[in-house]
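Enquirer: next come a sequence and a model predicted from it.
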Amino acid sequence: MTVERTAEMAQRPAEVKSVNPGIDWRGRALDRAPFLVACLMLALIVAIYGSLQSGVFTLDELNLDTAAAMTLMLAATGQTIVLVRGGIDLSIGGMISLGTVIAATRFTDDPSTTALWALAILALGFGIGALNGLLISLLKLQPFLVTLATWSILNGVAMIILPTDGGSIPSWWVGFASAQFIGLTSPVWMLLALLLFWWWFHATRVGITIQASGSNEKSAFLSGVSITRVNLVTYGLSGLFAAGAALFLVTQTGAGSPTIGKDYILPSVAAAVIGGVSLFGGRGHLAGTLIGAFVLTLIGNLVFVLHVSSYWQPVASGVILLLSVLASSIAEKAARSRVQ
Amino acid sequence: MDLVTVKGLSKRYGGIVALSDATFSARAGEVHALLGENGAGKSTFIQILSGAVRHDGGSILVDGQDYRPANPDAAQARGIAAVFQELSLIPDLSVEQNIWFRHEPRTWLGTVNRGEMRRKTLALLEKYNFPALRPDRELRRLTLAERQIVEIAKGLAKDPRILILDEATSALPAREADWLLKLTRQLAAEGRLVIFISHRMAEVRAIADRLTIFRNGATVAAHDANAVSDNEIVAQMIGRHLDRLYPERVPTATDRIALRVNNFSSGSRLSAVDFALREGEVLGVGGLQGHGQRELFQALFGAARAAGTVELWGKPVSIGNPRQALIGRDGIALVPEDRRGQGLLLTKSVRENLTLSVINRFTENGLLSRQKESDMVKEMVDFLRIKAGTPEQLAGTLSGGNQQKVIFGKMLLTQARVLLLYDPTRGVDVGTKGEIFQLMRDLAAKGYAILFHSSDMPELVHVADRVMVMRNGRIAATLEGEHISEEGILRAAMLETRAA
Ligand SMILES: Nc1ncnc2c1ncn2[C@@H]1O[C@H](COP(=O)(O)OP(=O)(O)OP(=O)(O)O)[C@@H](O)[C@H]1O
Ligand SMILES: [Mg+2]
């Protein structure tokens, strides 16, 4: 290897390859495969449900199902952000319980007091979430362990405040869930708001930074990202949405419950996974999660109209979860075995 | 005045001294090469300059002002950008999102302004005459070379005064490497300082104005590039004289066929390849990058789907996955291209990485023999001179070249006698390169059969017994004897030739 040769090679201009292979449709389809599978599942379930029950394809049904799914959807929105970050948040179970018992013991007929308490619950949600994020970063602990611990703590606090289901929620707050605006109830509007939020959020620098940190934390750090700050915001948002879920949940139950939150922990993860959010971080969209939440909710309806034991619901949910995980792993393999 | 002046810089990781006394000074408008063996501390130095790591002792002056960046952002604010050896890219973002990550142009809503981002990307790529890249492609779909180019674009997007290139050419094929060398000169001519790290002496010679040599974490010398000879540089790097880089090539091939491949295809990049690799032979695989070399290696190892027939030592085999490829003395072992992605478990120790795929060899009556394992590991670490504090050091914390050595050792321990070496010397220092070539020839003499790809053409020319040149997924020519030359390879790679 002589000096001259390389020097001469360095003079030679690098040819620019002018290939433009066009849009990589197959690649895109494979990328979205889990989401497409979720859409298919939902369509299938709706079709079956619609053939067994009349009036499924009406606005009323949409309003009803969305109301039934909204608590899960809110919780799963926070969970989606955390999963995209590459973490997991179990503490939302504790936060939801705590939120409902605070609401059930503090909400009054006076709208301004109630509004203040509602804001306080949201702030508490964000604060506790942010604390999760801080603990994960500073103590360098697994998100699973930290949020498991805070779940237990929050649960305990909820029990102390209200040992058994009860308290009361003012009727005007309960009425919120059935309030209508141009034919659609508020949960449907909330659903649209969630989609709008995500459309905005995932294109902001904060959203991209969270996704990037889940995709490759080391690279994100080398690019100047403060991992502590990312965790703080990620888990803070998750706590915030969990608190929001609690505020919505009490419109459905009309009471507080110190144990109800645990029913949303795993379903929130399941909804996201069914919707194509990767458990390894970096990939996933809220639209998928919301479809996943619908799928999980409608399975309940289906089990009901089929007149079989309600225990079939978790069985069916599990099978669907497996199917969608399988679908995404097949798509993943197909995508990887493609030669670039 | 010097743009950067570093005095007595030191950095320790626990008991491991990465830098003990680094001194460095460089001016604006020059290409300053940083040389040293694997583990000499070059990347550590770069990480300190770019704010990824904080130093323990010593001082850095930039523009005559004290400089101690708290994080990569602070370094960027002072106009310092690094193209990292391990790359700082996000797999799930697109090329353009990666280039502008955290500096995206935004709309009034705070969202990324995609149109503007696309325009800026194309302008940047055009300004520096980048090789073709699709801005909307997701990063994880790119090859290592393409990713390296994106990382370079990302560094340049910050319009830095000081650009650091840490072994940026090592993952690039010849043509792209040439482009980068030219670009480096252009950047220096624009008045920037480029700090250039490479283990390829010819590149350093072609572009460096000055050079600084590290050994064992300390600066041993700094020279004007035209005032010092190659031999002196190498001697200062490795602390001894290196008589020759390439070993003597005594033909050791027998008539026995170790690996015969017929009508072998994989995906759209490898079509109907036929060849035979003999016992005792080093068969080179050359050609321009992206003409099926990677696919050939991956498919032979069972990491990609393939059609056609493969015979190992005379027996037809079908290799469905890497586990089947590995088994025993009649198996196949691979040194893969992407060491961080495929070759190593970064969060496992050197010992575990070496022995993971051969754990059976240390098991007696179902029990793991720690003694046997640690003897074998020690032997391999000494043999390849892997620079690790202890065998328990995590592979991810080794220097780049030492990671490559671990992969090599891992492959040797499998005892497989058909070796697929895909760029085995990438990022390896000159001293060790010579040892690896010698080792390849020794193994061949012992009856191993080696399929060898290198992105550095002279290596093929000097080490291989025959060279297959690939073009459009086929073997365009097979060169033998005196026909093996860089010109010969290039000609076969670029021109339509008689089919072999
Ligand atoms: N995070 C870490 N923990 C422990 N040791 C480390 C860490 N980072 C680097 N080292 C050690 O510091 C030494 C210097 O490494 P460095 O990466 O700077 O070498 P280098 O000169 O860049 O080598 P190469 O040419 O192989 O890239 C090595 O011995 C390495 O094992
Ligand atoms: Mg290095």
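Expert: Structure received. Ligands and ions are numbered 1, 2, ... in the order given.
Enquirer: any idea of the pLDDT on residue 90?
Expert: If you meant another chain, say so; for now it's chain A. Looking at A:Leu90, its pLDDT is 97.
Enquirer: actually chain B
Expert: We have a pLDDT of 95 for B:Ile90.
Enquirer: quick one: the strands in chain A?
Expert: Using DSSP state E, the strands found in chain A span residues A:180-181, A:184-185.
Enquirer: which SSE is B:Arg260 in?
Expert: strand B:257-266 (DSSP states H and E).
Enquirer: before we move on, what about B:Ile48?
Expert: Using DSSP H and E, B:Ile48 falls in helix B:42-49.
Enquirer: ligand 1 is nearest to which of the strands of chain A?
Expert: strand A:184-185 (55.5 Å; C-beta to the nearest ligand atom). (C-beta placed from N, C-alpha, C; glycine too.)
Enquirer: flag the shaky bits of the chain, pLDDT-wise.
Expert: Unless you meant another one, I'm taking chain A. A:1-24, A:27, A:332, A:335-340 (pLDDT under 70).
Enquirer: actually chain B
Expert: Under the criterion pLDDT under 70, the flagged ranges of chain B are B:322-327, B:340-341, B:360, B:496-500.
Enquirer: domain-wise, how is it divided?
Expert: Listed by automatic domain parsing, the domain ranges of chain B are B:4-238, B:257-494.
Enquirer: can I get those in JSON lines with mean neighbour count?
Expert: Listed next are the domains of chain B as JSON lines, based on neighbours: other C-beta atoms under 10 Å in any protein chain shown:
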{"stretch": "domain B:4-238", "mean neighbour count": "20"}
{"stretch": "domain B:257-494", "mean neighbour count": "19"}
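Enquirer: now these in CSV, with distance to ligand 2?
Expert: Listed next are those as CSV, based on distance: least, C-beta to the ion, whole Å:
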stretch, distance to ligand 2
domain B:4-238, 3
domain B:257-494, 4
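Enquirer: need those domains in CSV (columns: distance to A:Gly87).
Expert: Listed next are the domains of chain B as CSV, based on distance: least, C-beta to C-beta, whole Å:
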stretch, distance to A:Gly87
domain B:4-238, 15
domain B:257-494, 17
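Enquirer: SS state for B:Val469?
Expert: Secondary structure, DSSP: H, G, I helix; E, B strand; the rest coil: B:Val469 is strand.
Enquirer: against B:Ile475, how distant is it?
Expert: Distance, B:Val469 to B:Ile475, by C-beta to C-beta, to the nearest Å: 7 Å.
Enquirer: and stretch B:46-56, end to end?
Expert: 14 Å (C-alpha to C-alpha, to the nearest Å).
Enquirer: cool, stretch B:186-200 as well?
Expert: 20 Å.
Enquirer: how about stretch B:299-314?
Expert: 19 Å.
Enquirer: same check, this time on stretch A:28-35
Expert: From the first residue to the last, stretch A:28-35 extends over 11 Å; the measure is C-alpha to C-alpha.
Enquirer: give the buried residues for that stretch.
Expert: A:30-35 (16 or more other C-beta atoms under 10 Å in any protein chain shown).
Enquirer: out of the domains of chain B, nearest to A:Leu52?
Expert: domain B:4-238 (40.2 Å; C-beta to C-beta).
Enquirer: hmm, the closest one touching ligand 1?
Expert: Yes - counting by C-beta under 6 Å from any ligand atom, ligand 1 is contacted by domain B:4-238 at B:13, B:16, B:18, B:36, B:38-44, B:85.
Enquirer: now do the contacts for residue 204.
Expert: The chain I'm using is chain A. By C-beta atoms under 8 Å, 6 or more residues apart in numbering or on different chains, the contact list for A:Thr204 reads B:110-112.
Enquirer: not quite, I wanted chain B
Expert: Residues near B:Val204 by C-beta under 8 Å, 6+ apart: B:33, B:35, B:196, B:198, B:211, B:225.
Enquirer: let's see 6 Å
Expert: Neighbouring residues of B:Val204 by C-beta atoms under 6 Å, 6 or more residues apart in numbering or on different chains: B:33, B:198.
Enquirer: got the contacts of A:Thr204 as CSV, with secondary structure columns?
Expert: CSV is the format used below for these (three-state DSSP):
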residue, secondary structure
B:Gly110, coil
B:Thr111, strand
B:Val112, strand
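Enquirer: the nearest residue to A:Phe176 once chain neighbours are set aside: how many residues sit nearby?
Expert: Leaving aside its chain neighbours, A:Phe176 sits nearest to A:Thr251 (5.4 Å; criterion: C-beta to C-beta, 6 or more residues apart in numbering or on different chains). Using other C-beta atoms under 10 Å in any protein chain shown, A:Thr251 has 21 other residues around it.
Enquirer: residue numbers of chain A in contact with ligand 1?
Expert: Within chain A, not a single residue sits near ligand 1 (C-beta under 6 Å from any ligand atom).
Enquirer: point me to the residue of chain A nearest ligand 1.
Expert: The nearest approach of chain A to ligand 1 comes at A:Lys218, 11.0 Å away (C-beta to the nearest ligand atom).
Enquirer: measure that residue to A:Leu232 for me?
Expert: According to C-beta to C-beta, A:Lys218 and A:Leu232 sit 19 Å apart.
Enquirer: more neighbours, the two?
Expert: Using other C-beta under 10 Å as the criterion, A:Lys218 and A:Leu232 rank with A:Leu232 on top: 20 against 17.
Enquirer: kindly present the contacts of A:Thr204 as CSV, with separate columns for distance to B:Phe437.
Expert: Listed next are the contacts of A:Thr204 as CSV, based on distance: C-beta to C-beta, whole Å:
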residue, distance to B:Phe437
B:Gly110, 55
B:Thr111, 53
B:Val112, 48
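Enquirer: what sits against B:Leu420?
Expert: Residues near B:Leu420 by C-beta under 6 Å, 6+ apart: B:297, B:300-301, B:334, B:451.
Enquirer: which pair of these spans the longest distance?
Expert: Longest span within those, C-beta to C-beta: B:Phe301 and B:Leu451, 10.3 Å.
Enquirer: alright, calling it a day.
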